[in-house]
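J.: Just to be clear, the model below is a prediction. Sequence and coordinates:
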Amino acid sequence: MPVYLLGPSPIFPSPDLARPDGLIAVGGDLSIERLVSSYRHGIFPWYNPGEPILWWSPDPRLILEPKKLHVSRRLGRIIRQGRFKITLDKAFNEVIRLCAEVRIHAGDETWISNEMIMAYSELHRQAIAHSAEAWLDERLAGGLYGVAIGRVFFGESMFSRVDNASKTAFVKLVGQLDAWDFQMIDCQVTTRHLISLGAQDIPRKAFIARLAELIDVPSSAPPGKWDKSHTKTQPMASGQQ
């Protein structure tokens, strides 16, 4: 199948036209309008720094329904110990930069270039992108960020400096999303870690159909930055064992 070259308008081809590996388009920019349009259509940017922007819509698609979050006994014990203080939207810029830096320090490649950091930081200023942070002794120990539109949260990346920090932040965030009537978390690419937390692969066609049902339905999340602090890190979603 062809890969589409994007023009100045933030319009994307149908995800059904993606290549078998999920690549659907190249080019364009990371403007707010284009990024929001991409997520609304089940497409996201993922490319190496210095290369043209690549846009993807993989098949199958990994999702997590908040009510199906699975918390293992071990992780549940760690969370109940209250070791980490969890916050939302307290340190978005630091979270996204550390998502890149921790990968680089581990010898891994990262798609989170300065261009991506600037784009998602602007999404955060517009209260479209959000973060969850895990703090240990007033130091940022782990966190994650993503994009929220309608009743869908699109997860982007996470990092940990301390074991179980990002997992604790993720569990707390999923519980809060559930309380705010979010129905689906897009995990994008399949990993064993996310599968262990209850995520499942579904066909892209099913994902796009579900997305269409949820993307224009408002959640009960507060307007603007979420900026909520939780001093007790108890699991808030069902599925705990």
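T.: Sure thing, it's come through. Residues are numbered from 1 along each chain as shown.

J.: can we go C-alpha only for contacts and neighbour counts from here?
T.: Noted.

J.: mind checking which helix or strand the nearest residue to Ile208 once chain neighbours are set aside is in?
T.: Nearest non-adjacent residue to Ile208, counting by C-alpha to C-alpha, 6 or more residues apart in numbering: Gly42, 6.3 Å away. According to DSSP states H and E, Gly42 maps onto no helix or strand at all.

J.: pretty sure Gly42 contacts Arg210?
T.: No: using C-alpha atoms under 8 Å, Gly42 is not in contact with Arg210; the gap is 10.2 Å.

J.: related to what we said a few turns ago, show me what contacts the residue nearest to Ile208?
T.: Counting by C-alpha atoms under 8 Å, 6 or more residues apart in numbering, Gly42 touches Pro15, Ser57, Phe207, Ile208, Leu211.

J.: For the longest strand seen in the chain, name the packing helices and strands.
T.: Longest strand in the chain by number of residues (criterion: DSSP state E): strand 139-149. Counting contacts by 3 or more C-alpha pairs under 8 Å, 6 or more residues apart in numbering; DSSP states H and E, strand 139-149 packs against helix 92-105, strand 129-136, strand 152-160, helix 165-179.

J.: Can you tell me which of the ones you listed is most buried?
T.: Of the helices and strands packed on strand 139-149, the one with the most neighbours on average (mean count of other C-alpha atoms under 10 Å) is strand 129-136, at a mean of 26.

J.: Taking strand 152-160 as reference, get the angle to it.
T.: If you take axes from the mean of the first three to the mean of the last three C-alpha atoms, to 10 degrees, strand 129-136 sits at 30 degrees to strand 152-160.
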